[in-house]
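[1] my questions are about this predicted structure, shown below with the sequence.
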Amino acid sequence: MTRHDPTYEPGSVRPQMTAGIMAETGLDEAVLRSLVHTFYGRIRDDDMLGPIFAERITDWPPHLERMVAFWSSVALMTGRYHGRPVPAHTPLPIKAAHFDRWLRLFRETARDVCTAEGAAHVVERAERIARSLHIAVTEAQAAPDATPSLS
């Protein structure tokens, strides 16, 4: 990674960490872009999840770019994503079955697009993210005006 790379931070160990992850998993920005685009194509075609996304996302290219940045940050530790995923998901009409379907589609897509090591790497993170979001959404739906508990 060079100073011309958007993930470059002078004095940071992030580029070395990213390079190590890439070498171990076979993941890079191109693979993550393919993963995200393929996955959301499947989401849009899904009978359960497609309508939820269709009601909320009308301009897909910016959303897909945001998701590539998200997965770059999560999987490669690039620091490209600067959003707040929990508030974006808490008002959605989703339950455990939606998270299960999301994870099933993500696992299938990861196995189809990534190396075995890369798929394991992103799926582990997706499972952790799904658990956290499910907890946050469940708490928000139970008490929409409450301040979230961090304990």
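    Looks like it came in fine.

[2] when you work out contacts or count neighbours from here on, use the C-alpha atoms and nothing else.
    Will do.

[3] so how far is the helix or strand hosting residue 134 off the chain centroid?
    Per DSSP states H and E, residue 134 falls inside helix 116-142. Taking C-alpha atoms, centre = their mean, to the nearest Å, one finds the center of helix 116-142 at 9 Å from the center of the full chain.

[4] i'd like the first residue to be 11 from this point on
    Got it, the first residue is 11 from now on, which makes the last one we talked about helix 126-152.

[5] any idea of the mean pLDDT for it?
    The average pLDDT within helix 126-152 is 93.

[6] buried stuff in the lowest-mean-pLDDT helix or strand in the chain?
    Taking mean pLDDT, DSSP states H and E as the measure, the chain has helix 95-99 as its least confident helix or strand, at a mean of 81. Under the neighbour-count criterion of 16 or more other C-alpha atoms under 10 Å, helix 95-99 has residue 96 buried.

[7] I'd like to know which elements it is packed against.
    Applying 3 or more C-alpha pairs under 8 Å, 6 or more residues apart in numbering; DSSP states H and E, we find helix 95-99 packed against helix 126-152.

[8] dump the residue contacts of residue 112.
    53, 59 (C-alpha atoms under 8 Å, 6 or more residues apart in numbering).

[9] now name the helix or strand holding it.
    helix 106-123.

[10] so what secondary structure elements neighbour the helix holding residue 144?
    Checking 3+ C-alpha pairs under 8 Å, 6+ apart, helix 126-152 ends up next to helix 24-35, helix 70-86, helix 95-99, helix 106-123.

[11] next, the angle from it to helix 24-35.
    110 degrees (axes from the mean of the first three to the mean of the last three C-alpha atoms, to 10 degrees).
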